[in-house]
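[1] predicted model follows, preceded by the sequence.
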Amino acid sequence: MNRRADTPAPKAAAFTGYQKFVVGVLAFLQFTIILDFMIISPLGAIVMPALEITPQQFGLVVSSYAFSAGASGVLAAGFADRYDRKKILLFFYVGFILGTALCGLAQDFHVLLFARIVTGIFGGVIGSVVLAITTDLFALEQRGRVMGVVQTAFAASQILGLPAGLYLSTWWDWHAPFMLIVVIGAVVGVVIARYMRPVDRHVGLKQERSPFGHLRATVTDPRHLLAFCTTALLATGGYMLMPFGSAFTVNNLKIGMEHLPTIYLVTGIFTIFIGPVVGRASDRFGKFVLFTFGTMISIAMVLFYTHLGPTPLAEVIVINVLLFVGIFSRMIPAQALMTAIPEVTKRGAFNAISASLQQVSGGVAAVVAGSLVVQSASGELEHFPRLGYVVVASSLISLFLMYRIHRAIPERPVKL
């Protein structure tokens, strides 16, 4: 039953000391995962001549992570709720660290490709385990704030990790950033093993007898299907503009390559603050309310952005910041709200499949975007507004689907 409009909002439960520790550890863990995923692309100019590989081979190295991550999520879903989530997290995190170490030791194309596949197999599942742990340890009224902090890992990797990784690769060797991630990851892994408590409340509850039966029950649940469709649309809209962001900025907006780091740096700094603010707002005003706000901001900014011509640097920075306000205002409340859909015995499988869908949908979005946009002889991207229209359409459909999810989940905005 929905809360009466004249009933005062309840006071939000404060985080315990242990909960604050868990949030910090999970955010730091996500930082290593995202950094490992992002660092390979900017290293292309160094890796290709060093290993004497072609752009096509390097593209395969980059995409192999996403494909293996997508496959591993589905394969792991049947087993995701049968064990202590802490143990599952450590198992996949150790595999991720070993895969990253192999990247740092690779001396030819085939070893590097194998290393990225291994890293994707293990790293692709970790995000879903983080969501399952968050759902188990935090009430729905707290999850917006948790997601807001955890999502700052993206910004931190952009403004801290990438520059540090590029600096190390320039002054030492391209293997160095991967070894740095291994060192940081090893420390995080030890902290998790030593200080995180077991997350096993679901283990003693009744489940399907076989992993395949558990996977089938998770996939065929109508509520889950609604969430999976929403997740796919959110990923599709989000990934369509990203592959062409730098090319559009340089060739269409006429911003020099030397200014791209400034755009990423300033946007990343703002994003670090945007995430927690959005998380608190989603708990305070309601996750669907904030998702609707984020959708409206996103639609307006995408339509404006995709029709731009030559633009001053300061204006481009402001537009990028506003775009991320819209993106975070959709992503954070959506993730927090959808954590309430699966029952406790299916949270691991549900999140694993959702993570796989994000990977696959992102790849599909990149392919579709590439078919809609062409590059002129002068270098400008033509038909770029078409991407904006597709993103707007997917945003409106996802808003409708999120409304249906919202109607099925009792949610009480809280006073912070």
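    The structure has been received and is ready for your questions.
[2] quick one: contacts for the nearest residue to residue 78 once chain neighbours are set aside?
    Spatial nearest neighbour of residue 78, excluding adjacent residues (Cβ to Cβ, 6 or more residues apart in numbering): residue 211 at 3.0 Å. All C-beta atoms are positioned from the backbone trio N, CA, C, and that covers glycine. Listed by Cβ atoms under 8 Å, 6 or more residues apart in numbering, the contact set of residue 211 reads 78, 79, 82.
[3] which among those residues end up buried?
    78, 82 (16 or more other Cβ atoms under 10 Å).
[4] between the contacts of residue 211, which sits nearest residue 215?
    residue 78 (4.0 Å; Cβ to Cβ).
[5] buried stuff in stretch 316-332?
    Using 16+ other Cβ under 10 Å as the test for burial, stretch 316-332 gives 316-317, 319-332.
[6] same question but for stretch 171-187, I mixed them up
    Buried-residue list, stretch 171-187, by 16+ other Cβ under 10 Å: 174, 175, 176, 177, 178, 179, 180, 181, 182, 184, 185.
[7] so which of those residues belong to helices?
    176, 177, 178, 179, 180, 181, 182, 184, 185 (DSSP state H).
[8] and which of these is nearest residue 14?
    residue 184 (29.6 Å).
[9] so who does the closest one touch?
    Residue 184 neighbours (Cβ under 8 Å, 6+ apart): residue 32.
[10] check it and give its pLDDT.
    pLDDT, residue 184: 90.
[11] how far away is it from residue 199?
    23 Å (Cβ to Cβ, to the nearest Å).
[12] residue 294 too?
    Taking Cβ to Cβ, one finds residue 294 at 30 Å from residue 199.
[13] out of those two, which sits in the busier spot?
    residue 294 (25 against 22; other Cβ atoms under 10 Å).
[14] distance check, that one against residue 179.
    38 Å.
[15] could you do residue 244 as well?
    32 Å.
[16] and what of residue 118?
    To residue 179, residue 118 is 16 Å away according to Cβ to Cβ.
[17] before we move on, what about residue 276?
    Residue 276 is 31 Å from residue 179, by Cβ to Cβ.
[18] and if you look at residue 349?
    34 Å.
[19] same thing with residue 351?
    In terms of Cβ to Cβ, residue 351 sits 30 Å off from residue 179.
[20] over to residue 246?
    Counting by Cβ to Cβ - residue 246 and residue 179 are separated by 27 Å.
[21] and if you look at residue 260?
    To residue 179, residue 260 is 26 Å away according to Cβ to Cβ.
[22] ok, how many other residues are close to the nearest residue to residue 291 once chain neighbours are set aside?
    Among residues not flanking residue 291 along the chain, residue 333 sits closest, at 4.5 Å (Cβ to Cβ, 6+ apart). Neighbours of residue 333 under the rule other Cβ under 10 Å: 31.
[23] does residue 333 lie in a helix or a strand, and which?
    Using DSSP states H and E, residue 333 sits within helix 313-338.
[24] for that helix, name the packing helices and strands.
    Under the contact definition 3 or more Cβ pairs under 8 Å, 6 or more residues apart in numbering; DSSP states H and E, helix 313-338 sits against helix 140-150, helix 222-241, helix 260-285, helix 287-306, helix 384-408.
[25] please work out which of these is packed deepest.
    helix 140-150 (a mean of 25; mean count of other Cβ atoms under 10 Å).
[26] from the contact counts, what lies against that one?
    Helix 140-150 packs on helix 17-39, helix 109-137, helix 260-285, helix 313-338, going by 3+ Cβ pairs under 8 Å, 6+ apart.
[27] pLDDT on whatever helix or strand comes next after that helix, on average?
    Per DSSP H and E, the first helix or strand lying C-terminal to helix 140-150 is helix 152-156. Mean pLDDT, helix 152-156: 73.
[28] residue 294 and residue 313, how far apart?
    26 Å.
[29] apologies, that question was intended for residue 15.
    Residue 15 is 40 Å from residue 313, by Cβ to Cβ.
[30] that older thread, could I get the buried residues of stretch 171-187 as CSV with distance to residue 359?
    As requested, the buried residues of stretch 171-187 are exported to CSV (distance: Cβ to Cβ, whole Å):
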residue, distance to residue 359
174, 25
175, 26
176, 27
177, 22
178, 21
179, 25
180, 25
181, 20
182, 23
184, 23
185, 20
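[31] which one of those residues sits closest to residue 122?
    Among these, residue 185 lies closest to residue 122 (Cβ to Cβ), at 11.1 Å.
[32] looks like the closest one contacts residue 99 (just checking).
    No - here residue 185 does not reach residue 99: they are 10.5 Å apart, not a contact under Cβ atoms under 8 Å.
[33] so where is the stretch 1-150 of the chain shaky, pLDDT-wise?
    1-13, 41-45, 55-56, 59 (pLDDT under 70).
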